[in-house]
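Participant: can't give you the sequence, but here's the structure:
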């Protein structure tokens, strides 16, 4: 990923300060790479939180500390956020982490040593501001209170499932889940005109045809044909129903239809999917550029409202606003136990 010029200047300056202004170019390049490792995750989460619409201010915290001995007592988190919550401004400190441990495992855990966890807790406790953890495991973000960690032998640990149970991204940030009505789909019928190529591979016969699109339409959850999904089309793209192929006489239909057990999507994941549709296939999302420009296909609050409007229109089955399983201490006065 190309580093924007302003960010690169800061990274170069910091690397030179740490290595010395006469350092070896190779050593300098390696230092810049190390300094940049954590930034993409911070940028991505910052864009998501801004896009969802309930964060009124978000900025990175300078983590240079003095005196040097303060690092044994305090650790400065990555971000400071102001949330609009129940008619007031709620500040929170956020530490951002990203893990993608090979194959996805539902029992995967985030583990921190006491010397990492406890200075974070002390920093927030001293300021009187809650410390939250934004954790991306593979493609799923969660946001939870630091107190959700539990001590396992020596280290502080939280499982992915526990992080999702205590997820605050919906309550504070405005994240949501939408589920399409079964039957909502796109159908494209191609009439076969001329067989161009045929070959047999094992017991399968592969054919290549020249064809003409003779039929194209959408359907809603009641099975009605539609010429367009209109403003609901971004929801359909984000849910990404699996394709299937059906032959009807001389026509081959490719269908993308939400089924009973699929068609759901988290709001924050929808942003990444929609952004990828607007980009060339060989390009990746530049989260830092988006953080500076806020150039997104559709605002998060608009997508959330559109999902709700899709229920009476037979496009959306459910819209789920997740609450955490337990009330974190800093929200005890705002929420009843459930």
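Facilitator: Happy to help now that I have it. In this text, all values refer to a predicted model and were calculated from it rather than measured experimentally.
Participant: going forward, measure contacts between C-alpha atoms and count neighbours the same way
Facilitator: Fine.
Participant: got any ranges where the stretch 1-150 of the chain has weak pLDDT?
Facilitator: 1-39, 101, 106 (pLDDT under 70).
Participant: where exactly do the strands run in it?
Facilitator: Using DSSP state E, counting those that start in this stretch, the strands of the stretch 1-150 of the chain run over 55-60, 79-85, 88-99, 109-112, 131-137, 140-145, 150-152.
Participant: out of these, which is closest to residue 198?
Facilitator: strand 140-145 (42.4 Å; CA to CA).
Participant: who does that closest one pair up with?
Facilitator: Here strand 140-145 has these sheet partners by DSSP bridges: strand 131-137 (antiparallel).
Participant: the partner strand to strand 79-85, inter-axis angle?
Facilitator: 100 degrees (axes from the mean of the first three to the mean of the last three CA atoms, to 10 degrees).
Participant: can you list the strands of the stretch 1-150 of the chain in a markdown table and add distance to residue 240 and mean neighbour count?
Facilitator: Formatted as a markdown table, the strands of the stretch 1-150 of the chain follow (distance: least, CA to CA, whole Å; neighbours: other CA atoms under 10 Å):
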| stretch | distance to residue 240 | mean neighbour count |
| --- | --- | --- |
| strand 55-60 | 28 | 16 |
| strand 79-85 | 31 | 19 |
| strand 88-99 | 24 | 18 |
| strand 109-112 | 28 | 17 |
| strand 131-137 | 20 | 23 |
| strand 140-145 | 16 | 20 |
| strand 150-152 | 36 | 12 |
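Participant: quick one, which of the ones you listed is nearest to residue 235?
Facilitator: Ranking these by proximity to residue 235 (CA to CA) places strand 140-145 first, at 17.9 Å.
Participant: on that earlier part again, closest one to residue 212 among the strands of the stretch 1-150 of the chain?
Facilitator: Checking those against residue 212 by CA to CA gives strand 140-145 as the closest, at 39.8 Å.
Participant: got a list of contacts for that closest one?
Facilitator: Strand 140-145 is contacted from outside by 130-136, 163-164, 166-169, 268-269, 328, using CA atoms under 8 Å, 6 or more residues apart in numbering.
Participant: picking that back up, format the strands of the stretch 1-150 of the chain as TSV; extra columns: distance to residue 206.
Facilitator: Listed next are the strands of the stretch 1-150 of the chain as TSV, based on distance: least, CA to CA, whole Å:
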stretch	distance to residue 206
strand 55-60	53
strand 79-85	54
strand 88-99	41
strand 109-112	45
strand 131-137	39
strand 140-145	38
strand 150-152	55
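Participant: right, I'll call it a day here.
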